[in-house]
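> no sequence for this one, just the structure:
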Ligand code: ARG
């Protein structure tokens, strides 16, 4: 239980005892001014208004009934009825020690775990992964890590696009390459070039185009030859993506792939059931669900096509089938989608149809967590100099190279192997953190110098802060794991650091609920600053510091170090001993 929750519960109990209606909230907040306690309970004012009584009188009634024995030293009423709570140092110290034990667990015990499906990355396999796939992949992965750490049962779903008309063209092209004796790995070495070739072929050669169209139909009908060509293409394309996941330190594995084709057999059923329920109606030969819920400004219902006039199914049909699977087979309590904001209408349509058709229980929480676009310095979507799409693989390699040059300059002592390892962690960490630390829903400008800077709210800054704490332990000649003396919070900076550490769980709960990883980034940045301030004012290894104080401070440093490492780890960012 976090301190905030504990205070909430205790104050709420006091409110009940004072006869304040249940709807009134204690409104627990961190104090942001020195001298006003550590937390405030601000609920007295609203309660008083509701009850038509003087606010200070209500505040007094709450305080009179408030039991914070062993938790707070002092509770006082300020201003119009704020209740300032000064926490007890001994209580805080023990709380830090308890938290340290929980942080160490990869998966904490959770008395009320949820099954949470996270749909992320989900690239189309016709082409190689490009920068447009970065955000979904790393934001989704951060959420997966946070939810897992909080003890939920997380099911990753990589809804890869491996089905659809393009594949007819691609397998017809592949067939020709193989016919010329080329090995599939060679033909598909560069998927981007291969796609361009196939497209050109398709546009210029009518016979090829016919064959491509015929192959789509055959493929979907389960023809063995087409299926085998398709499988070869898909396997190689997936291998490209998995290479990226490995390089990016993303937790998606082969078993997490449940691609569009997996739902093929259910699509007709989805459409039939929508028809039987009177939801899908014929419109110009196609089957369409018209949603009044999502009508436009002029009152025209929003059309969701679920089957084309030629009989083909659509992106939405597949998403409906996927949702049924997630609700009824996986038995999800929440389904989180990390997809570009441009697909917001599509997601709203899918969610609305699924609920109307009772494909999913009413209680299932369906959440599209959209994000903005990654922009170049020119303020337009990020492109290569010549205006092409940037391959994700190239971007990651460049990040590591740039980090390598910076590290070589900063620490020439590192061996080649060590430097390469550090450069990988710093380069990849910088790209991820630059993205995760921005408010998800906004666009942001991609800037190498800013993300690789050792100053400011960046991955290198936090990784460096971590190495500095490690170096304290090296100089002390003890391993952090061996430090377990009692924490004593005598100095204000010690207490401030403890308070910061104890916000970690609230932050994780918030990220788990709202899926905004920048909240965790900002927290880690504040934590690193709180540590630096603590370390400046509260020497650890300096001569004259008594043994008990030194050990207590080492213990605080240990918890700070572990919190930083855990926090970065939950963002998918690695730390290192030195850099
Ligand atoms: N493959 C899609 C694309 O690249 C993203 C899929 C997202 N997930 C989903 N269930 N629709 O745009």
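Looks like it came in fine. Here the structure is a predicted model, which means the values were calculated and not measured.
> pLDDT wise, what is residue 220 at?
Residue 220 is assigned a predicted lDDT (pLDDT) of 86.
> what's the answer for residue 33, then?
Residue 33 is assigned 84 on the pLDDT scale.
> for it, the count of nearby residues, please.
The burial count assigned to residue 33 is 8, neighbours taken as other C-beta atoms under 10 Å. For every residue, glycine as well, the C-beta is placed using N, CA and C.
> same deal with residue 329?
Should you count by other C-beta under 10 Å, residue 329 turns out to have 8 residues around it.
> residues in contact with it?
Contacts of residue 329 were listed using C-beta atoms under 8 Å, 6 or more residues apart in numbering, and none were found.
> buried residues in the helix or strand of the chain with the lowest mean pLDDT, which are they?
Every helix and strand of the chain was ranked by mean pLDDT, DSSP states H and E. The lowest is helix 184-187, at a mean of 92. Applying a neighbour-count criterion of 16 or more other C-beta atoms under 10 Å, the buried positions in helix 184-187 are residue 187.
> and the next helix or strand past it?
helix 191-204 (DSSP states H and E).
> tell me which other helices or strands that following helix touches.
Secondary-structure packing of helix 191-204 (3 or more C-beta pairs under 8 Å, 6 or more residues apart in numbering; DSSP states H and E): helix 166-179, helix 206-220, helix 224-248.
> contacts for that helix?
Outside helix 191-204, the residues that touch it by C-beta under 8 Å, 6+ apart are 126-128, 169-170, 172-173, 187-188, 208-209, 212, 236-237, 240, 389, 391.
> buried subset of these?
Here, 16+ other C-beta under 10 Å leaves 126-128, 169-170, 172-173, 187-188, 208-209, 212, 236-237, 240, 391 buried among the contacts of helix 191-204.
> farthest pair within the residues you listed?
209 and 391 (27.3 Å; C-beta to C-beta).
> and residue 428, how many neighbours?
Residue 428: 23 neighbours (other C-beta under 10 Å).
> quick one, the host helix or strand of it and helix 224-248 angle?
According to DSSP H and E, residue 428 maps onto helix 416-436. Relative orientation of helix 416-436 and helix 224-248, computed by axes from the mean of the first three to the mean of the last three C-alpha atoms, to 10 degrees: 100 degrees.
> pull out the buried residues from helix 416-436.
418-419, 421-436.
> kindly report the same for stretch 190-209.
For stretch 190-209, by 16+ other C-beta under 10 Å, it's 191, 194-195, 197-198, 201-202, 208-209.
> what do you get for stretch 90-104?
91-93, 95-96, 99-100, 103.
> as TSV, the residues you listed with distance to the ligand would be great.
Converted to TSV, the buried residues of stretch 90-104 look like this (distance: C-beta to the nearest ligand atom, whole Å):
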residue	distance to the ligand
91	46
92	44
93	46
95	41
96	41
99	36
100	38
103	32
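> narrow the residues you listed to those in helices?
Within the buried residues of stretch 90-104, membership in helices is found for 91-93, 95-96, 99-100, 103, as judged by DSSP state H.
> how about those in JSON lines, adding distance to residue 273?
Below are these laid out as JSON lines (distance: C-beta to C-beta, whole Å):
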{"residue": "91", "distance to residue 273": "57"}
{"residue": "92", "distance to residue 273": "57"}
{"residue": "93", "distance to residue 273": "59"}
{"residue": "95", "distance to residue 273": "53"}
{"residue": "96", "distance to residue 273": "55"}
{"residue": "99", "distance to residue 273": "49"}
{"residue": "100", "distance to residue 273": "52"}
{"residue": "103", "distance to residue 273": "47"}
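> secondary structure class for residue 117?
strand (DSSP: H, G, I helix; E, B strand; the rest coil).
> give the bridge partners for it, please.
As for beta bridges, residue 117 partners with residue 155, residue 335 under DSSP bridges.
> so where do the strands sit in this protein?
Using DSSP state E, the strands of the chain run over 28-30, 39-41, 72-78, 82-87, 115-119, 153-157, 280-283, 286-291, 302-307, 334-337, 365-368, 374-375, 444-445.
> need the residues of this structure near the ligand, please.
Residues of the chain that fall close to the ligand, judged by C-beta under 6 Å from any ligand atom: 119, 122-124, 159, 161, 319, 322, 337, 339.
> same thing but 5 Å
Contact residues (C-beta under 5 Å from any ligand atom) of the chain with the ligand: 119, 122, 124, 159, 161, 339.
> and the residues you listed as CSV, adding neighbour count?
Formatted as CSV, these follow (neighbours: other C-beta atoms under 10 Å):
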residue, neighbour count
119, 25
122, 22
124, 17
159, 23
161, 18
339, 20
